[in-house]
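**Q** whatever this is, show me its structure:
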Amino acid sequence: MRVLVAPDKFKGSLTAGAAGDAIAAGLRLAQPRLEVLLAPVADGGDGTVDAAVAAGFQRVTTTVTGPIGQPVVSGYALREETAVIELAEASGLRRLPNGRTAPLTATTFGTGELIRAALERGARRVVVGVGGSATSDGGVGMAQALGVRFLNRRLGCYPVFVHDGNGYEQLIDPKDYTNLDTRLDPGGRRSHRQPSPGQPEAMLEARIRADIESLDATFHPHPVYGQVTEFAGGDRGIIDLLAADRDGRLAVIELKVDQDIHLPLQALDYWMRVRWHLERGEFTERGYFSGIALRQDPPRLLLVAPALEFHPANEVVLGFFSPDIPVERVGLGIQWKRELKVMFRAPSRFQQSVLS
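**A** Below is the predicted model of the structure:
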């Protein structure tokens, strides 16, 4: 006689696989001649990846962002061009440190990172199980990890970006479905248009991420964070980077490739958020800059742009900054797309005069 054992998880006590093993052991104890077949199942929550692996998929392990921003070792299942993603693996309740919930701030960003990792491994069909979530962000974090920018929540204006083969962002016209990256096209249709030009600030960000020591030799090359998922403002679409130098001091890096009168104030906005969380020890508590002892000094603030692309009014605005904000302008060579080269580095003239 054959018996098929296909349990789901016993949440909080047994995984589907462990439950199946226990049931099979009991059956064999009662009837040693039984042929017991195990097929653990899942409903899209905890155990979905395990069920796919039991069905013949390969488990792929990777590190992604947890629900409150901390790095977590997670994974997905892959077979040929099909990937199975389990939201609970990256953004689930079991990923909350000490089980402490954070419904207003938890993010699905890590789930998007799992999808992106699967795409980079060649997946063309992605099945996502969304049970067991620790978040209530409606998938916003997941979309951000895949390139979507949410710029104005009140007006509901959501420009969409995808990433090309070089990791640069490309703007998508929502009215024209044919220019979507086919990796994210649920219909599998191929684009017949040339991709739109890469976004220059995203290109500059990618260059600096890859070689941040050319910007400042004191910086740790890794990690370098974009707008920290949990801490970033949801209504902004600018590029910010957050790094740490070898003395453990944080540095907020604001990037522009064209003249922008708002550059200092945009940078100050993010700097103030970073300082607030730094003073409360939240970067260390939530796993950022693992292994680096962060100093409590005010973060450095770097305004980075091609040397001739600082707006004349930027210096006037910087004159109103407190001397306690260590701000400096960093001018890059005009050939920054080929070579990242610093042409000048200067503190604000107004701050310099105050300090002298």
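**Q** just the strands in the stretch 1-150 of the chain please.
**A** Along the stretch 1-150 of the chain, counting by DSSP state E, counting those that start in this stretch, strands occupy 2-5, 35-38, 58-65, 71-79, 82-86, 125-129.
**Q** again with the stretch 151-300 of the chain
**A** Under DSSP E, counting those that start in this stretch, the stretch 151-300 of the chain gives strands at 160-163, 169-172, 240-244, 250-255, 300-306.
**Q** report the angle between the third one and strand 300-306.
**A** Translated: strand 240-244. In terms of direction (axes from the mean of the first three to the mean of the last three C-alpha atoms, to 10 degrees), strand 240-244 departs from strand 300-306 by 130 degrees.
**Q** with only the CA atoms kept, save strand 240-244 in CSV.
**A** This file holds the C-alpha atoms of strand 240-244, laid out as CSV (Å, rounded to 0.1, in the frame of the first residue of the first chain):
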residue,chain,number,x,y,z
ASP,A,240,21.9,59.7,-1.9
LEU,A,241,24.7,57.4,-0.8
LEU,A,242,25.7,56.6,2.7
ALA,A,243,29.2,55.4,3.5
ALA,A,244,31.6,55.2,6.4
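**Q** just list whatever residues bridge to the residue nearest to Ile23 when sequence neighbours are not counted.
**A** Sequence neighbours aside, Val5 is the residue nearest to Ile23 in space, at 5.0 Å (criterion: C-beta to C-beta, 6 or more residues apart in numbering). To be clear about C-beta, it is placed using only N, CA and C from the backbone, and glycine gets the same treatment. Here Val5 sits in beta bridges with Leu38, going by DSSP bridges.
**Q** give me the distance between Val5 and Arg59.
**A** Remark: distance between Val5 and Arg59 (C-beta to C-beta, to the nearest Å) = 21 Å.
**Q** neighbour count for those two, which is higher?
**A** In terms of neighbours (other C-beta atoms under 10 Å), Val5 is the more surrounded of Val5 and Arg59; the figures are 17 against 13.
**Q** name the residues of stretch 287-303 that are buried.
**A** For stretch 287-303, burial by neighbour count (16 or more other C-beta atoms under 10 Å) applies to Tyr288, Phe289, Ile292, Leu294, Pro298, Pro299, Arg300, Leu301, Leu302, Leu303.
**Q** what of stretch 256-263?
**A** Buried positions in stretch 256-263, judged by neighbour count with 16+ other C-beta under 10 Å: Lys256, Val257, Asp260, Leu263.
**Q** let's have the residues you listed in a markdown table, adding distance to Arg116 and pLDDT.
**A** Formatted as a markdown table, the buried residues of stretch 256-263 follow (distance: C-beta to C-beta, whole Å; pLDDT from 0 to 100):
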| residue | distance to Arg116 | pLDDT |
| --- | --- | --- |
| Lys256 | 26 | 88 |
| Val257 | 25 | 87 |
| Asp260 | 29 | 86 |
| Leu263 | 29 | 88 |
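**Q** farthest pair in these?
**A** Farthest pair in those (C-beta to C-beta) is Val257 and Leu263. Separation: 11.1 Å.
**Q** list residues touching both of these two?
**A** Common neighbours of Val257 and Leu263, using C-beta atoms under 8 Å, 6 or more residues apart in numbering, are Ala305.
**Q** picking that back up, of the buried residues of stretch 256-263, which belong to helices?
**A** Leu263 (DSSP state H).
**Q** looking at the buried residues of stretch 256-263, spot the one nearest Ser133.
**A** Closest approach to Ser133 among the buried residues of stretch 256-263 (C-beta to C-beta): Lys256, at 36.3 Å.
**Q** distance check, that closest one against Arg121.
**A** 34 Å.
**Q** the residue nearest to Ile23 and Asp211: what is the separation?
**A** 54 Å.
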